[in-house]
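Colleague: Sequence and predicted structure below; questions after.
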Amino acid sequence: MTVSRYQVLTSASLIALIFLCLAWEGWLAPLKPGGSWMTLKAAFLLVPLFGILRGKRYTYKWLSLFIQFYLLEGLTRATSDHGLSQWLAAGETVLAVIVFAACILYIRATRVTPTKKAAQSD
């Protein structure tokens, strides 16, 4: 895959995760009837979104660490919740893994090695 495909994959899965978090905690299976403050977890994902869309390598680096909180929450709730919430947690887990893997692949693909650096300076 090319760098642009990793960027598209990361962007699409991050946007899908934002919408999943909003729908899950707002309407589909909130912790409290009528919605809960847990919808704010989607707001935290908006912070790296613009850096990801612009291809900022530094954003990919810290998002690969930050997304692990969503992976942890998804795994925890997938094994402890029941019904629709359990399925939504599994979806969160899958999307978090995709974001993580796409971030790592983008970081590796955009890495500047000494041989690339020498070729660029010539």
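Modeller: Sure, I can see it. No experiment lies behind these values; they were computed from the predicted model shown. Residues are numbered from 1 along each chain as shown.

Colleague: can you give me the helices in this structure?
Modeller: Along the chain, the stretches classed as helices by DSSP state H are 3-23, 40-54, 57-66, 68-80, 84-109, 114-121.

Colleague: Which one, of the ones you listed, ends up nearest to residue 30?
Modeller: Smallest distance to residue 30 across these (Cβ to Cβ): 9.0 Å, for helix 84-109. The way it works is simple: take the backbone N, C-alpha and C, and place the C-beta from them, glycine included.

Colleague: if we can go back for a sec, now the helices of the chain as TSV including mean neighbour count, mean pLDDT and distance to residue 31?
Modeller: Shown next, in TSV, are the helices of the chain (neighbours: other Cβ atoms under 10 Å; pLDDT from 0 to 100; distance: least, Cβ to Cβ, whole Å):
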stretch	mean neighbour count	mean pLDDT	distance to residue 31
helix 3-23	18	97	12
helix 40-54	15	95	11
helix 57-66	16	97	22
helix 68-80	16	97	10
helix 84-109	19	97	9
helix 114-121	8	65	48
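
Colleague: Just put the ones you listed in JSON lines and tack on distance to residue 34.
Modeller: Shown next, in JSON lines, are the helices of the chain (distance: least, Cβ to Cβ, whole Å):
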{"stretch": "helix 3-23", "distance to residue 34": "14"}
{"stretch": "helix 40-54", "distance to residue 34": "15"}
{"stretch": "helix 57-66", "distance to residue 34": "29"}
{"stretch": "helix 68-80", "distance to residue 34": "19"}
{"stretch": "helix 84-109", "distance to residue 34": "16"}
{"stretch": "helix 114-121", "distance to residue 34": "54"}
